[in-house]
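Q: Okay, structure incoming, though there's no sequence with it:
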């Protein structure tokens, strides 16, 4: 888990880029908060890539399927709001099932707190959906303290690959594509 502090210039950038509408008809969360959290996670991940010398193109403003392209690898950043520092064995991420067939290769997971953003880990899209520890939920199920709003699949943070290994994966993939 890697922590970044949310800087005021990040907040300003996010506020300038909020849209006054839902992402799509399937948006189930408060759209403005959801957009803020999503943009914060994407900004943090871009900083992580830049800090580690990984070339990327930001595509979140052009694609519903992925947020970043690193060479021929497409990455979708999944972010959630959090009131506390995430605990890997207790914190999970749920992705609505209609996204199983989106055109992306990798999910990166972030938790956005009031003053910090945590890069929690990553997983190949296909492995996420078929992970032995993934839990399938149906709309209406009771999940922790809430009711599930849409069919989804969840996975605890402890089962994600560490962010450092994503750097290795992207670097090796990039080297192989230039051979």
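A: Arrived safely, thanks for sending. Given the structure is predicted, the values throughout are model-derived calculations rather than measurements.
Q: show me the contacts for the residue most central in space within the chain.
A: In the chain, the centroid-proximal residue (C-alpha atoms, centre = their mean) is residue 78; its distance is 1.9 Å. Residue 78 is in contact with 41, 93, 95, 107, 108, 109, 110, counting by C-beta atoms under 8 Å, 6 or more residues apart in numbering. Using the backbone N, CA and C atoms, a C-beta is placed for each residue, glycine as well.
Q: With residue 100 instead?
A: Here residue 100 is in contact with 129, 153 (criterion: C-beta under 8 Å, 6+ apart).
Q: and it, that's in a strand?
A: No - under DSSP: H, G, I helix; E, B strand; the rest coil, residue 100 falls outside any strand and is assigned helix.
Q: how near is it to residue 85?
A: Taking C-beta to C-beta, to the nearest Å as the measure, residue 100 falls 29 Å from residue 85.
Q: do residue 102 as well
A: Taken as C-beta to C-beta, the span from residue 102 to residue 85 is 29 Å.
Q: Looking at the two, which is more packed in?
A: The neighbour comparison of residue 102 against residue 85 (other C-beta atoms under 10 Å) goes to residue 102, with 15 against 12.
Q: what number of residues lie near the residue lying closest to residue 103 once chain neighbours are set aside?
A: Nearest residue to residue 103 in three dimensions, chain neighbours excluded: residue 65, at 4.1 Å (C-beta to C-beta, 6 or more residues apart in numbering). Neighbour count of residue 65, defined by other C-beta under 10 Å: 13.
Q: and residue 65, how far is that from residue 5?
A: For residue 65, the distance to residue 5 - C-beta to C-beta - is 30 Å.
Q: cool, and residue 66?
A: Counting by C-beta to C-beta - residue 66 and residue 5 are separated by 26 Å.
Q: State which helix of this protein is the longest.
A: helix 31-51 (DSSP state H).
Q: ok so, going back, more neighbours: which of residue 66 and residue 5?
A: residue 66 (21 against 9).
Q: Who are the contact partners of the more buried one?
A: Contacts of residue 66 (C-beta under 8 Å, 6+ apart): 59, 60, 74, 75, 76, 102, 103, 104, 105.
Q: if I read this right, the first one contacts residue 67, doesn't it?
A: Yes - under the contact definition of C-beta atoms under 8 Å, residue 59 touches residue 67, with a separation of 6.1 Å.
Q: For these two, indicate the residue with more neighbours.
A: Counted by other C-beta under 10 Å, residue 59 and residue 67 do not tie: residue 67 has more neighbours, with 27 against 16.
Q: That one reaches residue 76, doesn't it?
A: Yes - between residue 67 and residue 76 there is a contact under C-beta under 8 Å: 5.6 Å.
Q: Residue 150 should be in a strand, yeah?
A: No - counting by three-state DSSP, residue 150 falls outside a strand, being coil.
Q: distance of it from residue 137?
A: 9 Å.
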